[in-house]
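Asker: Turn this into a model:
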Amino acid sequence: MGVRFQVNKTDINTNSDFFRTYRQLLPFLQREGYQLLQLFLRGAASPEGSYENNRRLGQGRTEALQSLIKADLSGGPFAQQEIKMDVQSVTEDYAYLITLMQQRNDADYARVKQVFDACNGDEQTCKQQLIRLDNGRLWNRLKQQYFPELRTARIVLWLSRPKPVFENVSVSNVEIENTEKPDSIVIETPV
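Answerer: Just a heads-up that it's a prediction; the model follows:
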């Protein structure tokens, strides 16, 4: 799940679809017996704009989501659990751009991935090379089609669900197939 941001903004609308879903999800998970083990938060900026401003935006978006999640967890259904939080901010999220392009079978996926791989994580070089492709036409398409989705802070929940424990199970409708040493039991009516 993720929160989308407006261009050059780090504030979060707590009435967004994301927060409505998130705030309904936590009580549901607790009722179903899940334990929240870990959260992974990642905020990012899209590549348009200056690199320094994008660094500020990526960090600000991460911090904004982290603050809201911490506040929700401290008073929410998982308040008594110790939950590990892994937090990252990304300046310009080319890795997610590549993922989105691959998922959508974008015709330029291979070209953009080749540039990304050749830059070995150097975001500024990647940006310069992508801007040059097709005299900027590809960059402009990416800006329109993908960049709004890169302006996000996302959250991944790691959960565990304990195996159900059956206590005081009635066995009145149980048929034992092997009377010496049962290796299987058939319950005709669920209890």
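Asker: and Val156, that one's in a strand?
Answerer: Yes - assignment of Val156 by DSSP: H, G, I helix; E, B strand; the rest coil places it within a strand.
Asker: Sketch out the helices for this structure, chain order is fine.
Answerer: For the chain, the helices defined by DSSP state H occupy 17-31, 51-75, 94-103, 109-118, 123-132, 137-145, 147-150.
Asker: would JSON lines of the ones you listed with mean neighbour count and mean pLDDT be doable?
Answerer: Yep, even glycine has a C-beta here, placed from its N, CA and C like the rest. Below are these laid out as JSON lines (neighbours: other Cβ atoms under 10 Å; pLDDT from 0 to 100):
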{"stretch": "helix 17-31", "mean neighbour count": "13", "mean pLDDT": "84"}
{"stretch": "helix 51-75", "mean neighbour count": "17", "mean pLDDT": "90"}
{"stretch": "helix 94-103", "mean neighbour count": "17", "mean pLDDT": "95"}
{"stretch": "helix 109-118", "mean neighbour count": "16", "mean pLDDT": "96"}
{"stretch": "helix 123-132", "mean neighbour count": "16", "mean pLDDT": "95"}
{"stretch": "helix 137-145", "mean neighbour count": "14", "mean pLDDT": "96"}
{"stretch": "helix 147-150", "mean neighbour count": "18", "mean pLDDT": "93"}
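Asker: Just tell me which of these ends up closest to Val3.
Answerer: helix 17-31 (4.8 Å; Cβ to Cβ).
Asker: Specify the angle between the closest one and helix 51-75 in degrees.
Answerer: 40 degrees (axes from the mean of the first three to the mean of the last three Cα atoms, to 10 degrees).
Asker: ok, residues contacting helix 17-31?
Answerer: Outside helix 17-31, the residues within contact range by Cβ atoms under 8 Å, 6 or more residues apart in numbering are 1-4, 12-13, 36, 68, 72, 76-78, 155, 157, 159.
Asker: Going through these, which ones are buried?
Answerer: For these, a burial check counting by 16 or more other Cβ atoms under 10 Å picks out Gly2, Val3, Arg4, Ile12, Leu36, Leu68, Asp72, Pro77, Phe78, Ile155, Leu157.
Asker: The strand ranked longest in the chain - contacts with which helices or strands?
Answerer: In the chain, taking DSSP state E as the definition, the longest strand is strand 35-45. With contacts defined as 3 or more Cβ pairs under 8 Å, 6 or more residues apart in numbering; DSSP states H and E, the packing partners of strand 35-45 are helix 51-75, strand 84-92, strand 152-160.
Asker: Save the ones you listed as JSON lines, and put in distance to Thr99 too.
Answerer: Shown next, in JSON lines, are the helices and strands packed on strand 35-45 (distance: least, Cβ to Cβ, whole Å):
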{"stretch": "helix 51-75", "distance to Thr99": "17"}
{"stretch": "strand 84-92", "distance to Thr99": "12"}
{"stretch": "strand 152-160", "distance to Thr99": "12"}
